[in-house]
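In: The following comprises the amino acid sequence and a computationally predicted model.
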Number of protein chains: 2
Amino acid sequence: MSWTITSDDIHDLARGAAVLGTGGGGDPYIGALLAAQALAEHGDVTVATLDEVPADAVVLTVAMMGAPTVMVEKLPSLDEVVAPVHALGTHLGRPVTHIACAEVGGVNSTIPIAAAAALGLPLIDADGMGRAFPELQMVLPTLYGITASPLAFGDEKGNVGVLQTVDNSWTERIARVACVEMGCSVMISGFPMSGDQARAALVPGSLAHCIEIGRGITAARAEKADPVERTVALLGGRELFAGKVVDVERGTTAGFARGRARIEGADAAQAPSAMTLSFQNEHLIAEVDGRTLVTTPDLIIVLEHDSGLPITTEALRYGQRVRVISAPSDERWHSPEALALVGPEYFGYDRPAHRFDGTVDADLEETAA
Amino acid sequence: MSWTITSDDIHDLARGAAVLGTGGGGDPYIGALLAAQALAEHGDVTVATLDEVPADAVVLTVAMMGAPTVMVEKLPSLDEVVAPVHALGTHLGRPVTHIACAEVGGVNSTIPIAAAAALGLPLIDADGMGRAFPELQMVLPTLYGITASPLAFGDEKGNVGVLQTVDNSWTERIARVACVEMGCSVMISGFPMSGDQARAALVPGSLAHCIEIGRGITAARAEKADPVERTVALLGGRELFAGKVVDVERGTTAGFARGRARIEGADAAQAPSAMTLSFQNEHLIAEVDGRTLVTTPDLIIVLEHDSGLPITTEALRYGQRVRVISAPSDERWHSPEALALVGPEYFGYDRPAHRFDGTVDADLEETAA
């Protein structure tokens, strides 16, 4: 049944999205500001659940593409948010009927709200990942043969482009270099889908889940309970490590925020003693004392030690006291095809996927051999 | 009055275009092969002179964009040549009526012939420069306020994009990074113009001029006359230097073939003793013993010493005996606005434009001061 997003929901939704965003997707506060402004100007947004989207709907995803380090300093205007949707609608020659989130993440869960408000269109309570990933083709729709293109991109200057590519990796490659040239951050709209395609390929209920997580953190703090434990319970995950951030290496290269963070155990006598997180916009690998604990596609999330507030990768800094938690991804991310798209090997780490609960997915190469 | 390009014209046209291409635009032999194939498959091409193009014509330029070093190894298929025209025609929502050349150059004077043949459209006897330049915005239409975008680009894999940008420099910037990502060579179609706009902005008669130059070289060789002198006379230019290529530095960087060539005088007692040519796809600066002789926008052309055949920048190599000639560009390239677009300063050389005849254009900064 459809429901409504009002300005009262935005803050919790953005906070929950930053949790599921696994460090990527930009600052939830900034994304919330933009969505709140859009709701104030254009009114509340109707949220349609996946089961009620008509089979012949024309669904487009809307997202910000780029390095989160830059995105947080280049918040788009509403005109900029809707420009790629208009360009793509014109290209398709059919009226767009629904907006959807490509991923869950601080900015990329709230920008589609702003787009839906400004366009007067319903938003679908779903997303393409159930988490955030750094590259455009890394969505479940890719596994369902849904093409990213035609995909439109646009910047704050008014430049717009529409791509029609031979596969979703080429959409990513061309849009990424354009994005870098246009200032490392652009608005995009793509993955045109029918209602039936959206129903099959998207992760249902993500927006409601974000609000639930955000409210959980708020409620736990009000009740003097542990917000981290509350979040772990809501995600069905577990806590991996607690400690202090002692080192962050970070670079904005090839349009991504790439780096590693080292977290030392709060207690010197604690064993294991240090965790290393490797990220490309999102956290990809969690290691403890050199041993792989959890990897993409499962969720690795850094929360502030006491408040339980999510910390994005670009906000990680020396001295923060944090807790690292992990949670299962959508099960579809563990198929061999999915692991080829988003598994550790794709990102250059020579190891199989380690799940949040300590089990290890079959090694793809060994399976093939 | 309209005329017809047949396969008999292609060879001379490509040779003349390689002369006017000032070292850029790719190997004329390769461009000629493609045009000849298109004429064989689709029949001769009608060439319309600028004065007979209807005021409400829909004119598109067609060109290959990229580093000539790569272009000569990645000759497009006819499908690839016409794909951006189809994409742009669909985007415009109006039938394209005429094809035009953006520049004169080995490949970029013959590829529009192939496009016109395959599309069954007339080609206009004109081009956007009267020579070749390395960047997309460097055409006279830019000076007339004609926008490069909507501009379509496409590659051999089937990827296509359509850009709509805020100015022609942004078309260049985004198309260039896409071109580099797509393999350093793409087909493009852009600069949509009416017949009236084309009449005002293009250089008239370029294709006929190319054929005239190509035939002049052929005829001089048959008559045992000097083909270099013949070409100099046809261009209204002068010979600058004769000697042997002793050094070529060359790199394919940021999508361009950039470098310098050093030519030593044939006679050791000769003074001046050495010429240096600096190029970015095309020859930009000719210096003798450290003194600037001629610069962009006037034409600097390298011809083989005895045969008078043009040598493109990517074909320059040690030991070639060459003669360097220069000729005036279209006079519109010498306005202050034009020099800001294509003068030596734009390319990073801190000097005013030196004309082919030894005179120097007013220094822009001094004029402004």
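Out: Here it is on my side, so go on.

In: What residues does the closest residue to A:Asn159 other than its chain neighbours make contact with?
Out: Excluding the flanking residues, the one nearest A:Asn159 by Cβ to Cβ, 6 or more residues apart in numbering or on different chains is B:Thr165, at 4.6 Å. Backbone N, C-alpha and C define where each C-beta goes, glycine included. By Cβ atoms under 8 Å, 6 or more residues apart in numbering or on different chains, B:Thr165 lies in contact with A:158-160, B:147-149, B:151, B:171, B:174.

In: Tell me the confidence at the residue positioned nearest the centre of chain A?
Out: Residue closest to the average C-alpha location in chain A (Cα atoms, centre = their mean): A:Ala132, at 2.4 Å. pLDDT for A:Ala132: 93.

In: Identify the residues contacting it.
Out: A:20-25, A:103-105, A:108, A:281-282.

In: now A:Gly308, what's its secondary structure?
Out: Following DSSP: H, G, I helix; E, B strand; the rest coil, A:Gly308 is assigned to coil.

In: same check, this time on the one 10 residues further on
Out: When the structure is reduced to helix, strand and coil (three-state DSSP), A:Tyr318 reads as coil.

In: does it really touch A:Val245, like I thought?
Out: Yes - taking contacts as Cβ atoms under 8 Å, A:Tyr318 lies within contact range of A:Val245: 5.9 Å.

In: before we move on, back to that, so among the contacts of A:Ala132, where is pLDDT lowest?
Out: Lowest pLDDT among the contacts of A:Ala132: A:Gly25, with 78.

In: And it, how far from A:Tyr349?
Out: 21 Å (Cβ to Cβ, to the nearest Å).

In: of the two, who's got more company?
Out: A:Gly25 (34 against 17; other Cβ atoms under 10 Å in any protein chain shown).

In: What parts of the stretch 101-250 of chain A come near chain B?
Out: Residues of the stretch 101-250 of chain A lying close to chain B (Cβ under 8 Å from any Cβ of the partner chain) are A:157-166, A:170, A:173-174, A:176-178, A:180-182.

In: For PyMOL, write the selection for the buried entries among the residues you listed.
Out: Buried members of those, defined by 16 or more other Cβ atoms under 10 Å in any protein chain shown, are picked up in PyMOL with:
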select buried, chain A and resi 159+160+161+162+163+164+165+170+173+174+176+177+178+180+181+182
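
In: Among the residues of the stretch 101-250 of chain A next to chain B, name the ones in helices.
Out: Among these, the members found in helices (DSSP state H) are A:170, A:173-174, A:176-178, A:180-181.

In: Taking these, tell me the two that lie furthest apart.
Out: Among these, the pair separated by the greatest distance (Cβ to Cβ) is A:Trp170 and A:Glu181, at 16.9 Å.

In: buried set for the helix ranked longest in chain A?
Out: Criterion DSSP H: the longest helix present in chain A is helix A:206-222. For helix A:206-222, a neighbour-count test (16+ other Cβ under 10 Å) marks A:206-211, A:213-218, A:220-221 as buried.

In: now, which of the residues you listed sits nearest chain B?
Out: Distance to chain B, by Cβ to the nearest Cβ, is smallest for A:Ser206 among the buried residues of helix A:206-222, at 30.3 Å.

In: give me every residue that touches the closest one.
Out: Per Cβ under 8 Å, 6+ apart, neighbours of A:Ser206: A:20, A:101, A:104, A:109, A:125-127, A:130.

In: quick one: the helices in the stretch 51-200 of chain A?
Out: Ranges of helices in the stretch 51-200 of chain A, per DSSP state H, counting those that start in this stretch, are A:68-71, A:78-92, A:111-119, A:140-143, A:168-181, A:195-201.

In: With the stretch 201-350 of chain A instead?
Out: Taking DSSP H, counting those that start in this stretch as the test, the helices found in the stretch 201-350 of chain A are A:206-222, A:227-235, A:336-342.

In: Just send these back as CSV, with distance to B:Gly43 and mean pLDDT too.
Out: Listed next are these as CSV, based on distance: least, Cβ to Cβ, whole Å; pLDDT from 0 to 100:
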stretch, distance to B:Gly43, mean pLDDT
helix A:206-222, 58, 96
helix A:227-235, 67, 97
helix A:336-342, 47, 96
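
In: want to throw those into TSV with distance to A:Leu140?
Out: Listed next are the helices of the stretch 201-350 of chain A as TSV, based on distance: least, Cβ to Cβ, whole Å:
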stretch	distance to A:Leu140
helix A:206-222	11
helix A:227-235	18
helix A:336-342	8
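
In: so where's the stretch 1-150 of chain A uncertain?
Out: Scanning the stretch 1-150 of chain A for pLDDT under 70 picks out A:68-69, A:72.
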